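[1] Fold the following, please.
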Amino acid sequence: MPATRLAHNVFFKLKDSTPANVQALVDACHKYLNVQPGIVFFAAGPCCRELDRPVNDRDWDVGLHLVFDTKASHDAYQDDATHNKFIEENKPTWAGVRVFDSYV
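    Predicted coordinates for the structure are as follows:
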């Protein structure tokens, strides 16, 4: 059986969700979170406010989407110095963070 990929989706709610602050967090994701080994897909961007159906959860500002080649790569990412630097620099701006992990 081939190795199962792991999708790691993180949704950040900012304390102050001005367009500049949203863009700063998207930029930080691009700077720090797409360099770790084992990433096969990376994307980060703002919530699509134009989609406002009853099923759309819009209680967040920035979405981070990563797919890792294996769970082991994901686990190493969690302890990576660059990932920790991202958290250290940006955590004070967060009102909340939700993480959704799934095998894909």
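[2] going forward, measure contacts between C-alpha atoms and count neighbours the same way
    Noted.
[3] Mind listing what's buried along stretch 23-39?
    Neighbour-count burial for stretch 23-39, counted by 16 or more other CA atoms under 10 Å, picks out 23, 25-26, 28-30, 32-34, 36, 38-39.
[4] Among those residues, which ones are in strands?
    Counted as lying in strands by DSSP state E, out of the buried residues of stretch 23-39, are I39.
[5] would CSV of the buried residues of stretch 23-39 with pLDDT and distance to P46 be doable?
    Formatted as CSV, the buried residues of stretch 23-39 follow (pLDDT from 0 to 100; distance: CA to CA, whole Å):
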residue, pLDDT, distance to P46
Q23, 98, 8
L25, 98, 9
V26, 98, 7
A28, 98, 13
C29, 98, 11
H30, 98, 13
Y32, 98, 17
L33, 97, 16
N34, 95, 17
Q36, 94, 22
G38, 97, 24
I39, 98, 21
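[6] what's the most centrally placed residue in the chain sitting at in phi/psi?
    Here the mean C-alpha position of the chain is nearest to the C-alpha of L64 (CA atoms, centre = their mean), at a distance of 2.4 Å. Backbone torsions for L64, taken as degrees, to the nearest 10, come to phi -120, psi 130.
[7] tell me the SS of the nearest residue to it once chain neighbours are set aside?
    Closest residue to L64 apart from its sequence neighbours, by CA to CA, 6 or more residues apart in numbering: A44 at 4.4 Å. Of the three states, A44 takes strand according to DSSP: H, G, I helix; E, B strand; the rest coil.
[8] Run through the helices of this structure in chain order.
    Along the chain, counting by DSSP state H, helices occupy 19-32, 71-78, 81-90.
[9] thinking again about what came up before, show me what contacts the residue nearest to L64?
    26, 29-30, 62-65 (CA atoms under 8 Å, 6 or more residues apart in numbering).
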